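Trainee: sharing a model that was predicted from the sequence below.
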Amino acid sequence: MENKTEQKKWEGLKNTWNSSTEGKEINFQMNALIKELETMVSPFEKDFIVKDIAFINESINQFEIDSIQKDLDYLKNNLPQFEKNIVITGVGIFSKLLKKIVAILRGKNNG
């Protein structure tokens, strides 16, 4: 439901934009700027841009793979110690709680 409402609002905005003289002038100017930019970039530069983007995409993928593998190795190697630390902490908390309960019970028995 929301999607249809948003789509109607967007269509209304586009219609207003396209029918206004300012919108037509801005569209014309943007098209002229895009064409001018395209003429300034040589095929050599376009090739480099395409190659750079491909290199970045390949590098990011390999980086992500390496990063995930390092994280998994770290977890695999350190998880037993992490579990030990949690058990030690839990036993400490339980021990303190048990001592407080015993102290309260002793206080009630004595008083």
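Mentor: Sure, I can see it.

Trainee: use CA for all of it now, contacts and neighbours both
Mentor: Fine.

Trainee: can you give me the strands for the chain?
Mentor: With DSSP state E, there are no strands along the chain.

Trainee: tell me the centre residue of it?
Mentor: residue 64 (13.4 Å; Cα atoms, centre = their mean).

Trainee: from residue 71, how far off is it?
Mentor: 10 Å (Cα to Cα, to the nearest Å).

Trainee: just residue 24 next, same as before
Mentor: According to Cα to Cα, residue 24 stands 53 Å off from residue 71.

Trainee: and if you look at residue 34?
Mentor: 44 Å.

Trainee: then residue 60?
Mentor: Distance from residue 60 to residue 71, by Cα to Cα: 16 Å.

Trainee: which stretches of the chain form helices?
Mentor: Here the chain has its helices, by DSSP state H, at 2-19, 21-40, 43-110.

Trainee: so where's the protein uncertain?
Mentor: 1-2, 109-111 (pLDDT under 70).

Trainee: can you list the domains in it?
Mentor: If you go by automatic domain parsing, the domain ranges for the chain are 1-40, 42-111.

Trainee: any idea how far the longest one is from the chain center?
Mentor: Mean C-alpha position of domain 42-111 versus that of the full chain (Cα atoms, centre = their mean, to the nearest Å) differs by 17 Å.

Trainee: do the same with the shortest one
Mentor: Average the C-alpha atoms of domain 1-40, do the same for its chain, and the two points are 30 Å apart (Cα atoms, centre = their mean).

Trainee: do you know how far residue 88 is from residue 95?
Mentor: Applying Cα to Cα, the value for residue 88 to residue 95 is 10 Å.

Trainee: likewise for residue 102?
Mentor: 10 Å.

Trainee: measure the residue nearest to the centre of the chain to residue 108 for me?
Mentor: From residue 64 to residue 108 the distance is 61 Å (Cα to Cα).

Trainee: could you do residue 86 as well?
Mentor: Relative to residue 108, and taking Cα to Cα, residue 86 is found at 33 Å.

Trainee: for these two, indicate the residue with more neighbours.
Mentor: Each of residue 86 and residue 108 has its neighbours counted (other Cα atoms under 10 Å); residue 86 has more, 12 against 9.
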